[in-house]
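Chemist: Give the three-dimensional model of this entry:
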Amino acid sequence: MKLKIEALNASHQRKPFDCGEASLNSYLQQYARQNVKHRINKVFVATDADCPQTILGYYTLSAGSICVDDLPPAHKLRLPKYPVPVALLGTLAIDKRHQGQRLGTILLADAIQRVEQASEVMAVYAVVVDALNSSAAEFYRQFGFIAFPGQPLKLFLPLGN
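Modeler: Below is the predicted model:
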């Protein structure tokens, strides 16, 4: 399989996607295109180059900010006392038929790479994610994401690490 990751467009078939989590399926099927149209976020999909309409997985990126006081003490050093800019990885989901094939890792790496590219033209301190559950949080922690104090499902990855 030759993987292709690109921005969601009208040719992608959203209805057949099923990651096993109703809220993530519903988002892709009902809201993703509208959010992109209204510049709420960007949606990137993974497809097989031989079947480019079928979505194997997807993630969303948007801009945000975090209050420095919410960070762990070691990460507050040398930061201003006002909110700092971040990229929000809003969702990351893999179709059930393709789970366990490291596609989540590939999509996460792609998201981080896109954020790093964006940080060349605008300030981005970190990537932030609100994990759906503890197993999702563990997935992010294995890639260096750090939980916010008292919020085990909200994690961040400072750029440049």
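Chemist: With adjacent residues omitted, what lies nearest to Lys96?
Modeler: Nearest non-adjacent residue to Lys96, counting by Cβ to Cβ, 6 or more residues apart in numbering: Gly20, 5.1 Å away. In this view, the C-beta of every residue, glycine as well, is placed from N, C-alpha and C.
Chemist: Report the secondary structure state of that neighbour.
Modeler: Of the three states, Gly20 takes coil under DSSP: H, G, I helix; E, B strand; the rest coil.
Chemist: in stretch 58-75, what's buried?
Modeler: Buried residues in stretch 58-75, counted by 16 or more other Cβ atoms under 10 Å: 58-61, 66, 68, 71, 75.
Chemist: now stretch 4-16
Modeler: 5, 8, 12, 14.
Chemist: Let me have those residues in JSON lines, extended by pLDDT, secondary structure and distance to Gln30.
Modeler: Listed next are the buried residues of stretch 4-16 as JSON lines, based on pLDDT from 0 to 100; DSSP: H, G, I helix; E, B strand; the rest coil; distance: Cβ to Cβ, whole Å:
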{"residue": "Ile5", "pLDDT": "98", "secondary structure": "strand", "distance to Gln30": "22"}
{"residue": "Leu8", "pLDDT": "98", "secondary structure": "coil", "distance to Gln30": "13"}
{"residue": "His12", "pLDDT": "97", "secondary structure": "coil", "distance to Gln30": "14"}
{"residue": "Arg14", "pLDDT": "97", "secondary structure": "coil", "distance to Gln30": "8"}
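Chemist: what does the lowest-mean-pLDDT helix or strand in the chain rub up against?
Modeler: When the helices and strands of the chain are scored by mean pLDDT, DSSP states H and E, helix 73-76 comes last with a mean of 91. By Cβ atoms under 8 Å, 6 or more residues apart in numbering, the residues outside helix 73-76 that reach it are 68-69, 146, 158.
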